[in-house]
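Engineer: pasting a predicted model and its sequence here:
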Amino acid sequence: MLRRRIPFNQVAFATLLGVASGIYIYKPYFDSLLKTSGQEKENVPKEEKKLE
């Protein structure tokens, strides 16, 4: 097996590409989580402010 070093710029590019594609693939999952957490907050009745 040939042992050659991979240049840093190729490693950095592959890492950024992997992170970006992972975010793109799982974006609908994150959107659904944000929508459900927002709905839960809307269902909680707001406490009335007391004037003292």
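Structural biologist: In hand now; what should we look at? Note that this is a predicted model, so its numbers are computed, not measured.
Engineer: Asn9: neighbouring residues, count only.
Structural biologist: 8 (other CB atoms under 10 Å). (Each C-beta comes from the backbone N, C-alpha and C, glycine too.)
Engineer: same question, Val19
Structural biologist: Neighbour tally, Val19, other CB under 10 Å: 10.
Engineer: name the element it belongs to?
Structural biologist: Element membership for Val19, per DSSP states H and E: helix 8-43.
Engineer: list the buried residues of that helix.
Structural biologist: By neighbour count on 16 or more other CB atoms under 10 Å, the buried set for helix 8-43 is empty.
Engineer: and Ile6, backbone torsions?
Structural biologist: phi -90, psi 130 (degrees, to the nearest 10).
Engineer: gap between it and Tyr29?
Structural biologist: 31 Å (CB to CB, to the nearest Å).
Engineer: can you check Arg4 too?
Structural biologist: Applying CB to CB, the value for Arg4 to Tyr29 is 38 Å.
Engineer: try Val11
Structural biologist: From Val11 over to Tyr29 (counting by CB to CB), the distance is 27 Å.
Engineer: what does Arg3 give?
Structural biologist: From Arg3 to Tyr29 the distance is 39 Å (CB to CB).
Engineer: neighbours around Pro7, how many?
Structural biologist: When neighbours are counted by other CB under 10 Å, Pro7 comes out with 9.
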